[in-house]
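Enquirer: Predicted coordinates and the sequence they were generated for:
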Amino acid sequence: MKHATNSWMFWIAAVFAALTVIFPTAKSYANQPVPPGARLDLLRMPPGFHIEIFAVVPGARQLSMGPKGTIFVGTKIMKGPVYAVVDRHNGKRDVVTIASDLFLPNGVAFRGKDLFVCEVNKVSRLRDIEDHLDAPPKLETVNDTFSVKTHHGWKYIAFSADGWLYVPVGAPCNVCMADDFQSRTGLTIPYASIMRMKPDGSNLEMYATGIRNSVGFDWDPRTKELWFTDNGRDMLGDNIPPDELNHAPVQGLNFGFPFRYGNNVLDPEYGAKAPKGKDFVVPAQCLDPHVAALGMKFYTGKMFPAEYQNQILIAEHGSWNRSTPIGYRVTQVTLKNGKPVKYKPFVDGWLQNNKAWGRPVDVLQMPDGSLLVSDDTCGLIYRVTYKKP
C-alpha cells in the first residue's frame, strides 16, 4: 500500500514552483502561513528537547549554510527553485528565490563565497551569493557530464575538508546491472556510485561504487572519514532489505549493489552474477527496512547533551510502498570506538495512524548547536533546541 499523503501539500508545492517560473528573479516569501496539517504537538523527542518552525519553505530538501548565516535550500521539483532563508535582523526570516526553472535542484553546498547547486545532470555555481540575494547572479556551469536520467537522479552534494566536491550517482532502476554511460567529454561515469571532483569541475573521479542511492553523507570530525546513507532496493517484501549506514574510510571500496545487501546477503536476482573474488563492504549499521534514510550529519555542537557529541543524526524520509509505513523520523546512531552500537529514534511523530503529515529530508547543525530539519512534504524547516529539564 503506497504511503498516503494529503493532496493539499502537493498543491502548495506546485503553486510555489509555478510562482518561481513566473518570477525568475529574486522573490521574497516572508511570513507565509504555516500549513494547517503541521502538528508539532505530535512530535516526540527525549526530555529537554524542543522543536519549532524555523521557516516555511515549499518542497525543502538539502540544506546548506553560508558564512553570514544564510540557509540555502534545494528542492526536488521539476523546473524547481533554490531558496535562501535570510534573517533581515527585524525578527523575521525571509525566504528568497535565488534560482528557478531548474532540473530537480536537490543539492546545495557552500564553499568560500559561492553556492554550488546540483541538478540531475549538472553542477553549477552562484558566485558571492550572500551579498546578492535580492539580485542573484546567473548560474555558472561547473560540470554538466552527468546523466539526464531522473530515476534516482536527484543529488545530494557536499565538500570534504580537503576541498573535493562529492556527488552521488544513483542507480537508474530499482535493481539492475547499471551500465556505465559515456559523457560528452568521453569520461565514463559509473552509476550506483559516489563521485568527487575539484570545485572547478575538473578531476572528476570515482570514490566508491556498489551504492544504490545515497542522498546523504558526512565526514567524521575526528577521523575525516566518509559515512553515507544508502537506500535498499524494493520489491522483496516489507522487511528486506535494510537501508544502510555505510563507512568509506578510503577510496575504491565496493558496497555490493546489485549483488549483495545488508550483511552480505545475496540478492535473489543478481547475487549469482557477482564477479568472482570481489570483496564487498557490509554496512556499518543496518537501518530499518525501507525507511528511505537521506540526509545525515555528525553532531558537533555544544547545545545538546554530551552523549550526542560526534554522533550521527539521520533524516528518514519514510517508506513509499511498505504495507505498514515506517520511518518519517530523525534517528540517532551512536558510535563507540568508531563502530555503531545503538540505533534509535531521536525525533518521531510525523507518522500518525499509518499516515504521514511530514517527511524529514535533511539535517543541518547551526552555529549555536541547534539542529535544522527540512520537510519536503509539509514544506517546512524545523529547529530543534535543547534546554536541560
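Expert: Great, that's in hand.
Enquirer: elements contacting the strand or helix carrying residue 54?
Expert: When elements are assigned from DSSP states H and E, residue 54 belongs to strand 49-56. Packing partners of strand 49-56 (3 or more C-beta pairs under 8 Å, 6 or more residues apart in numbering; DSSP states H and E): strand 93-103, strand 380-386. C-beta: built from backbone N, CA, C; applies to glycine.
Enquirer: my guess is residue 243 meets residue 294, correct?
Expert: No - contact between residue 243 and residue 294 fails when scored by C-beta atoms under 8 Å: they sit 9.7 Å apart.
Enquirer: Common neighbours of those two, please.
Expert: Taking C-beta atoms under 8 Å, 6 or more residues apart in numbering as the criterion, residue 243 and residue 294 both touch 229, 316.
Enquirer: Please, where are all the strands along the stretch 151-300 of the chain?
Expert: In the stretch 151-300 of the chain, the strands defined using DSSP state E, counting those that start in this stretch lie at 158-159, 165-169, 181-182, 188-189, 193-197, 205-209, 217-219, 226-230, 242-248, 253-254, 260-261, 265-266, 285-289, 293-299.
Enquirer: Go through those and find the least confident stretch.
Expert: For the strands of the stretch 151-300 of the chain, the weakest mean pLDDT is recorded on strand 181-182, namely a mean of 44.
Enquirer: What residues of stretch 120-140 count as buried?
Expert: Neighbour-count burial for stretch 120-140, with 16 or more other C-beta atoms under 10 Å as criterion, is recorded at 120-126, 129-130, 133, 136-137, 139.
Enquirer: and that stretch, how far apart are its ends?
Expert: 15 Å (C-alpha to C-alpha, to the nearest Å).
Enquirer: and what of stretch 267-281?
Expert: Stretch 267-281 has its terminal residues 15 Å apart, counting by C-alpha to C-alpha.
Enquirer: ok, back up a step: and of the strands of the stretch 151-300 of the chain, who's closest to residue 46?
Expert: In terms of C-beta to C-beta, the element of those nearest to residue 46 is strand 293-299, at 13.2 Å.
Enquirer: Does the closest one pack against any helices or strands, and if so which?
Expert: In terms of contacts (3+ C-beta pairs under 8 Å, 6+ apart), strand 293-299 is packed against strand 217-219, strand 226-230, strand 242-248, strand 311-316, strand 360-365.
Enquirer: and the shortest one, which strands flank it?
Expert: When you say that, I think you mean strand 217-219. Strand 217-219 has its sheet partners listed here by DSSP bridges as strand 226-230 (antiparallel).
Enquirer: how distant is the strand it pairs with from the center of its chain?
Expert: 11 Å (C-alpha atoms, centre = their mean, to the nearest Å).
Enquirer: ok, residues contacting that strand?
Expert: Residues outside strand 226-230 that contact it (C-beta under 8 Å, 6+ apart) are 160, 166, 168, 194, 207-208, 211-220, 243-249, 255, 257, 283-284, 287, 293-296, 298, 312, 314.
Enquirer: Residue 96 versus the closest residue in space to residue 263 that isn't next to it in sequence, what's the distance?
Expert: Among residues not flanking residue 263 along the chain, residue 282 sits closest, at 5.2 Å (C-beta to C-beta, 6 or more residues apart in numbering). According to C-beta to C-beta, to the nearest Å, residue 282 and residue 96 sit 44 Å apart.
Enquirer: What sits closest to residue 279 if chain neighbours are left out?
Expert: Residue nearest to residue 279 in three dimensions, not counting chain neighbours: residue 254, with 7.1 Å by C-beta to C-beta, 6+ apart.
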